[in-house]
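Novice: Provide a 3D model corresponding to the input given below.
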Amino acid sequence: MGDLVSSRFNNIEKKEYKVYSNEDENKVFGNSYYIIFKDFILHFKGRKGIRVYKERLIQLVKEKKKSFYVDFADLEKFDKDFAYWLLDNAKETLPALGKWLYDFLGGFQTFHEDKAEEEEVIDLAKKIKPYLNDFENSADRVYVRLTNIPRIVDVKELSANYQGKLIAIEGSIVKMNQVTERLVEGIFIHENCKHGGEFIYPQVGELDIDDKLPTVCPLCGLKGTIKLVKEKSKFRPLQRAVLAEPEPQTGRIPRQVELILEDDLVDTLRLGDRVRATGFLDLQINPSKKGTSPTFSYMLRVVSVEILQPTFEEIKITEEDEQQIRELAKDPQIVDRIADSIAPDIHGHWEVKEALTVSLFGAPEEVTENGTKKRGEIHTLIIGDPGIAKSQLLLYLSTIAPRAIYTTGKGSTAVGLTATVNRDPKSGEWYIEAGALPLASGGVLLIDEIDKMKDEDRKAFNEAMEQQTVSITKAGIVAKLNAKTTVIAVGNPKFGRYDDTRPLVDQINLDPALLSRFDLIFVLRDIPGEEDELVADKILGLNRKKGIEKYFDTKIEPDLLKKYIAYARQKIYPKLDEEASKLLKDFYVKMRQKYLENGSQNSPIPITPRQLEALRRITLAYARMRLSDIATKEDAQRAINIMRYMLETVGLDVETGQIDVYTIMSGKPTSVREKMIRLLEIIDAFSNINGCAKLGDILDEAEKSLNIPREQADRIIRMMTRDGIIREHIRDDGITCYKK
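Specialist: Got it, this is the predicted structure:
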């Protein structure tokens, strides 16, 4: 760059990073930190005696990367005193180590084997030298990035006392800006300068993100028009993200911290990711009105970032916890015990509690040979009469699900569920803000009163529940976010109470496309009967009688149950054995055989491949509940039982009494589809005569020739009108008529 700037600045020395040592330390690291670091790279041995960081350095050069990651725990094993000294002096030392490491690698360009060096250095030089030219052409620096540091601070406990210190914080990425370029070294021109006018700024080091550009020419000392020569200046990619604390207290706004990601760290995060970000805490001034005192918000200049896999890692499980969990899993009745431990203060609803348990555990995601992913999330919908503790079930789940977001249909919109694009008031840049589905990725989204949402808002679930992504297109930003989220929702019947004589789709304000995405759908009825006394005892806290609970004395405490679920999802990835696969296959084929036995193309179809996929997931979830790596025939039988119970409850064609899965899949059982076809024939016949079929004529003919009650025919006509199958027309005389 020397030929681009005034000769006055050609010989300016680059900034020397000086590290100040503490005389009380056992070792003086001020002048020897790089020597110790070099020894660490060359000689630290990991598992099986492998020199981990020597190999990592070779890979860095081969793959032309910039970041050299160092696990603090490894550094601590190698030299504990140096490790903690480095932690306290990281702000000055890490950049210096990066500069030294880059220069150290560059020295291998002219390295000769006969040079007096230790064997490890010679071996390293041999392996690196062939790739060094490509590396130096692509990487202009090396960053030393510390990970796994012991100084982890809760976001809610951040304060100005941590300013300038290397800390680690954990949380979810809720906002993300586009990648921009930051000026780090500028070439400027002062147009009226008598000394040539071109100068480099800053003279030493590089521009920080808060530094201001020069307004005075350093050559002549005068103000004037100073322009940046962009094509000669140095820039570095920069991206801003916002991290929010993972589990804020009820009634409190989640604390947030802005993250500054630079160079090769940009585009490494996605909205909804749970991360541990390590960096230096800083304060940035907030925009304020004139005459008011300035306020400051937190900003973390990121050194390294680790994406926490969506395996409930925030739930800390000790060795004692693991031993207790393993002992619990030995109980042959563990599945029933877990189900009975769901909302123990609510009596009954055994099948529903078991279904909710299945959803909490889920199945592992599978990837086929051609790369197709099979989701492991099991979505559950509960429809029930008012006042039978549906909301209480959800609230209890929110306390034991290791990662859960609870919301209500009344307070949710499509934007709040998916994502939105807004403009940053500080920088004017566009950023994406994640909604509930991406934020709950890897966990559970609990939705109360889903039927109260608007139709256009509910459509946000369709993509997320099946494809496990959320797509957003706004302000020129096209993005796809992860949403590997289990959805558990409850809703109320449209007419107040559930009516067994009417089909499911007529009784809840949900689109069939959304209904079909739920693996399990259950109906809770408020029917007076023998258990009223037991329910009353439960509510009033009276002495519990025999039979009120299956395993009252063996309930699992909520904290332990939460850890049990987290442990299962972290550690257990079961597979179907041959017997389980055969049982599921036989059940599927046998159910489908009923269609062929009826001998008609209009016969009801009791099950589809979508339900078979759900059976596979549910079977694996049962194995997970037992902490078993193998899903057995018994697990498959339980899955079949719960699926059959669902189909016999909500999958029945109420007219024929037969199981017809299209009652759920499309909202139109076979009997209704047949009536639609006949009504369309009537509409066609009248339209050919009069140009339009009057409603009264259609209803009369349907009742006379097809024996379809007028009320039912009218309901089907309205449904066909809503779906666009027929069009409604008002004649000049005010009479309503229909045509295709």
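Novice: For residue 523, list each beta-bridge partner.
Specialist: Beta-bridge pairing for residue 523 (DSSP bridges): residue 383.
Novice: got the contact list for it?
Specialist: Listed by CB atoms under 8 Å, 6 or more residues apart in numbering, the contact set of residue 523 reads 382, 383, 384, 498, 504, 649, 650. (Glycine included, C-beta is placed from N, CA and C.)
Novice: Centre-most residue in this protein?
Specialist: For the chain, the residue sitting closest to the mean C-alpha position, by CA atoms, centre = their mean, is residue 441 at 2.3 Å.
Novice: Using the three-state scheme, assign that residue.
Specialist: Three-state assignment for residue 441 (DSSP: H, G, I helix; E, B strand; the rest coil): coil.
Novice: what does residue 307 give?
Specialist: At residue 307 the chain is in strand, as set by three-state DSSP.
Novice: Tell me if I'm right that it and residue 273 touch.
Specialist: Yes - the pair residue 307 / residue 273 is scored as a contact, 5.3 Å apart, by CB atoms under 8 Å.
Novice: which of the two has more neighbours?
Specialist: Between residue 307 and residue 273, residue 273 has the larger neighbour count (other CB atoms under 10 Å), namely 26 against 13.
Novice: Now do the same for the more buried one: its pLDDT.
Specialist: Residue 273 carries a pLDDT value of 82.
Novice: for it, phi and psi?
Specialist: phi -60, psi 140 (degrees, to the nearest 10).
Novice: Show the contacting residues for it.
Specialist: By CB under 8 Å, 6+ apart, the contact set of residue 273 is 172, 173, 307, 308, 482.
Novice: rerun at 7 Å
Specialist: Applying CB atoms under 7 Å, 6 or more residues apart in numbering to residue 273 gives the contacts 173, 307.
Novice: Okay, strands next: where are they in the stretch 451-600 of the chain?
Specialist: Using DSSP state E, counting those that start in this stretch, the strands of the stretch 451-600 of the chain run over residues 469-474, 477-482, 486-491, 520-524, 575-576.
Novice: Same check on the stretch 101-250 of the chain?
Specialist: Using DSSP E, counting those that start in this stretch, strands in the stretch 101-250 of the chain cover 143-147, 166-177, 180-190, 198-201, 226-228, 234-244.
Novice: Give the pairing partners of the fourth one; include direction for each.
Specialist: Think strand 198-201. With DSSP bridges as the test, strand 198-201 pairs up with strand 180-190 (antiparallel).
Novice: give me the number of residues near residue 66?
Specialist: Count around residue 66 with other CB under 10 Å applied: 18.
Novice: typed the wrong thing, it's residue 561
Specialist: For residue 561, using other CB under 10 Å, the count is 22.
Novice: tell me the contacts of it?
Specialist: Shown in contact with residue 561 (CB under 7 Å, 6+ apart): 338, 341, 400.
Novice: Please name the residues that touch the residue lying closest to residue 396 once chain neighbours are set aside.
Specialist: By the measure of CB to CB, 6 or more residues apart in numbering, the closest residue to residue 396 outside its immediate chain neighbours is residue 343, 4.1 Å from it. With contacts defined as CB under 7 Å, 6+ apart, the neighbours of residue 343 are 353, 392, 393, 396.
Novice: And for residue 172?
Specialist: 243, 244, 246, 272, 274, 439.
Novice: Could you report the neighbour count for the third one?
Specialist: Neighbour count for residue 246, taken as other CB under 10 Å: 16.
Novice: likewise the first one?
Specialist: Here the number of neighbours of residue 243 (other CB under 10 Å) works out to 29.
Novice: What's opposite the nearest residue to it once chain neighbours are set aside in the beta bridge?
Specialist: Excluding the flanking residues, the one nearest residue 243 by CB to CB, 6+ apart is residue 171, at 4.3 Å. On the basis of DSSP bridges, residue 171 is bridged to residue 275.
Novice: shouldn't residue 171 be in contact with residue 245?
Specialist: Yes - taking contacts as CB atoms under 7 Å, residue 171 lies within contact range of residue 245: 5.1 Å.
Novice: Find residues that contact each of the two.
Specialist: Residues touching both residue 171 and residue 245 (CB under 7 Å, 6+ apart): residue 155.
Novice: quick one, which of those two is more surrounded?
Specialist: Comparing residue 171 with residue 245 by other CB under 10 Å, the one with more neighbours is residue 171, at 26 against 20.
Novice: on that earlier part again, next one: the residue nearest to residue 396 from residue 614, what distance?
Specialist: 24 Å (CB to CB, to the nearest Å).
Novice: and if you look at residue 304?
Specialist: Residue 304 sits 41 Å away from residue 614, taking CB to CB as the criterion.
Novice: tell me which element residue 642 is part of?
Specialist: helix 633-650 (DSSP states H and E).
Novice: So which residues make contact with that helix?
Specialist: Residues outside helix 633-650 that contact it (CB under 7 Å, 6+ apart): 351, 354-355, 504, 520-523, 579-580, 583-584, 587, 606, 611, 614-615, 618-619, 622-623, 659, 661, 664.
Novice: From those, list the buried ones, please.
Specialist: Among those, those scoring as buried are 351, 354-355, 504, 520-523, 580, 583-584, 587, 606, 611, 614-615, 618-619, 622-623, 659, 661, 664 (criterion: 16 or more other CB atoms under 10 Å).
Novice: Show me the residues you listed that map onto helices.
Specialist: The helices, defined by DSSP state H, take in 351, 354-355, 580, 583-584, 587, 611, 614-615, 618-619, 622-623, 664 from the buried ones among the contacts of helix 633-650.
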